[in-house]
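Asks: What would the 3D arrangement of this be:
(2 chains)
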There are 2 protein chains.
Amino acid sequence: MKYPNGKKYVASQEEKVEQKRRSLLSAANRGMSLEEDINLSNDYYRDAGIALITKRPTPINVVKVDYSRGGKITDAYFEKQSTTDYNGVYKGKYVDFEAKNTKSETSFPISNISEHQIIHLKNVLKHGGIAFFIICFQLKNEIYLLDASFVIDFYEHGSRKSIPYSVFKEKGVLIRQDYTPRLHFIDAVEKLYFRK
Amino acid sequence: MKYPNGKKYVASQEEKVEQKRRSLLSAANRGMSLEEDINLSNDYYRDAGIALITKRPTPINVVKVDYSRGGKITDAYFEKQSTTDYNGVYKGKYVDFEAKNTKSETSFPISNISEHQIIHLKNVLKHGGIAFFIICFQLKNEIYLLDASFVIDFYEHGSRKSIPYSVFKEKGVLIRQDYTPRLHFIDAVEKLYFRK
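Replies: All right, here's what the predicted structure looks like:
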């Protein structure tokens, strides 16, 4: 946004907070994407000093860069993430997870998960890290945190190509949805991995 | 590579290992970049089941995508990494670090580090993670691992704009250089954080 005097408009801290609040509210009404909800929750957890979780940038294969135009990338392609989208630290422990939506009401199709991600999460578990999935059943408006071991087990030994909703109900933790943070997924991590 | 029969050439496991060994040797002679050395070391550590460290992809701001040409990105720009280049898990603990080269023989200039990275690494320490820098003194061919707390201290309270080489000698751990892995930096992590 530019003012008539040509100066760039810079929002004050108060304005930014209010903008964020409004965007949160309207977004909640619109049905914001799972990814955006997680990113906003990560911002909250970071700023509140609760956990430090970051999203890995989408890997892009850069073919051509035009240095005569300030390093403009003119030819590139999106690549598949070979690991997961999120990792970070909570109470000193390594945390790693992938988030997925499903429109199914009865099960989560494993086809949504790549073999690379399964291998990566197996490695995380092997090294003593915390590994899980955040799965959003969109039509139910329910979001579950499920330990990666269940998903790995279904992937490798399951006779079915999807994980029944009942597994999430029984073995997962329902994530509370709110405004700040949008998703209280660290509460679910605390419940599942730290209260023993 | 394609054979005359039109079939794609697929290297056997033995050939792949030998290719990797040769590429490592020749690369060592060429003077491979610090980043490549770390990436190869991470591959080794992952395959050997010792640690799981991944490089965050370079963030790219995508302006325009041509979907009529298979999702070709036609306008985009490199963005600055707002965190660090590497993170992962070793013995259940969260590990996070940044790697930098310097041509100076007497000190490492702090100007090589962004404020974002300092804030990020302070947060990592706050949450009980392991945070450090891998600094390569190129003219000495010496690579040190130094805990992030020293760098943060110099950044925030130092009267000088660089960290003397002597700090690395006294407080850091010299990383052994080899073929597989190229950099034994997990040995340095073990020595600094686990043998107490």
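Asks: Going by C-alpha atoms from here, please, whenever you check contacts or count neighbours.
Replies: OK.
Asks: any idea which helix or strand carries A:L146?
Replies: strand A:142-147 (DSSP states H and E).
Asks: can you map out the strands along chain A?
Replies: Using DSSP state E, the strands of chain A run over A:52-55, A:60-66, A:72-78, A:86-90, A:93-102, A:107-109, A:130-137, A:142-147, A:162-164, A:173-174.
Asks: Nearest to B:Q138, out of those strands?
Replies: strand A:60-66 (27.8 Å; CA to CA).
Asks: what residues does chain A put near chain B?
Replies: A:46, A:49-52, A:56-60, A:71-78, A:88-95, A:123-124, A:127-129 (CA under 8 Å from any CA of the partner chain).
Asks: quick one, what contacts A:Y193?
Replies: Contacts here follow CA atoms under 8 Å, 6 or more residues apart in numbering or on different chains; on that basis A:Y193 touches A:I130.
Asks: The residue nearest to A:K80 when sequence neighbours are not counted and A:N123: what is the separation?
Replies: Excluding its sequence neighbours, the residue lying closest to A:K80 (CA to CA, 6 or more residues apart in numbering or on different chains) is A:P59, at 6.9 Å. Distance of A:P59 to A:N123, computed by CA to CA, to the nearest Å: 20 Å.
Asks: these two touch, right, A:E105 and A:I135?
Replies: No - A:E105 lies out of contact with A:I135 (CA atoms under 8 Å); the separation is 11.8 Å.
Asks: Name the residues contacting each of the two.
Replies: Common neighbours of A:E105 and A:I135 (CA under 8 Å, 6+ apart) do not exist.
Asks: residues in contact with A:K191?
Replies: A:K191 neighbours (CA under 8 Å, 6+ apart): none.
Asks: quick revisit: just to check, the residue nearest to A:K80 is in contact with A:T83?
Replies: No - assessed by CA under 8 Å, A:P59 is found out of contact with A:T83, at 10.5 Å.
Asks: returning to that earlier point: neighbour count for A:E105 and A:I135, which is higher?
Replies: A:I135 (22 against 14; other CA atoms under 10 Å in any protein chain shown).
Asks: low pLDDT regions in chain A?
Replies: For chain A, the stretches flagged by pLDDT under 70 are A:1-32, A:196.
Asks: if you set the cut-off to 50 instead, what comes out?
Replies: Within chain A, the segments meeting pLDDT under 50 span A:1-9, A:24-31.
Asks: Can you show me the helices along it?
Replies: With helices called from DSSP state H, chain A shows them at A:13-30, A:34-47, A:115-126, A:148-157, A:165-171, A:185-189.
Asks: can you list these in JSON lines and add mean neighbour count and distance to B:D153?
Replies: As requested, the helices of chain A are exported to JSON lines (neighbours: other CA atoms under 10 Å in any protein chain shown; distance: least, CA to CA, whole Å):
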{"stretch": "helix A:13-30", "mean neighbour count": "12", "distance to B:D153": "28"}
{"stretch": "helix A:34-47", "mean neighbour count": "18", "distance to B:D153": "21"}
{"stretch": "helix A:115-126", "mean neighbour count": "19", "distance to B:D153": "32"}
{"stretch": "helix A:148-157", "mean neighbour count": "16", "distance to B:D153": "38"}
{"stretch": "helix A:165-171", "mean neighbour count": "14", "distance to B:D153": "45"}
{"stretch": "helix A:185-189", "mean neighbour count": "19", "distance to B:D153": "30"}
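Asks: possible to save the ones you listed as a markdown table with distance to B:S149?
Replies: Converted to a markdown table, those look like this (distance: least, CA to CA, whole Å):
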| stretch | distance to B:S149 |
| --- | --- |
| helix A:13-30 | 29 |
| helix A:34-47 | 19 |
| helix A:115-126 | 26 |
| helix A:148-157 | 33 |
| helix A:165-171 | 40 |
| helix A:185-189 | 27 |
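Asks: Go through those helices and name the closest to A:K140.
Replies: That would be, of these and by CA to CA, helix A:165-171, which comes in at 10.8 Å.
Asks: okay, that closest one in PDB with CA atoms only?
Replies: Presented in PDB, the C-alpha positions along helix A:165-171 are these (Å, rounded to 0.1, in the frame of the first residue of the first chain):
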ATOM      1  CA  TYR A 165     -11.600 -43.200  12.000                       C
ATOM      2  CA  SER A 166     -12.000 -45.400  15.100                       C
ATOM      3  CA  VAL A 167      -8.200 -45.700  15.400                       C
ATOM      4  CA  PHE A 168      -8.000 -41.900  15.700                       C
ATOM      5  CA  LYS A 169     -10.800 -41.900  18.300                       C
ATOM      6  CA  GLU A 170      -9.100 -44.700  20.300                       C
ATOM      7  CA  LYS A 171      -5.300 -44.100  19.900                       C
END
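Asks: Which elements pack onto it?
Replies: strand A:142-147 (3 or more CA pairs under 8 Å, 6 or more residues apart in numbering or on different chains; DSSP states H and E).
Asks: Now do the buried residues in the strand it packs on.
Replies: Residues of strand A:142-147 classed as buried: A:I143, A:Y144, A:L145, A:L146, A:D147 (neighbour count, 16 or more other CA atoms under 10 Å in any protein chain shown).
Asks: picking that back up, which of the strands of chain A is buried the deepest?
Replies: strand A:86-90 (a mean of 25; mean count of other CA atoms under 10 Å in any protein chain shown).
Asks: and that strand with strand A:93-102, angle?
Replies: 140 degrees (axes from the mean of the first three to the mean of the last three CA atoms, to 10 degrees).
Asks: Show me the strands paired with strand A:86-90, marking each as parallel or antiparallel.
Replies: Strand pairing for strand A:86-90, using DSSP bridges, gives strand A:52-55 (antiparallel), strand A:93-102 (antiparallel).
Asks: quick one, it and helix A:34-47 angle?
Replies: Going by the same axes, to 10 degrees, strand A:86-90 makes 30 degrees with helix A:34-47.
Asks: what's in contact with strand A:86-90?
Replies: A:50-56, A:94-98, B:94, B:124, B:127-129.
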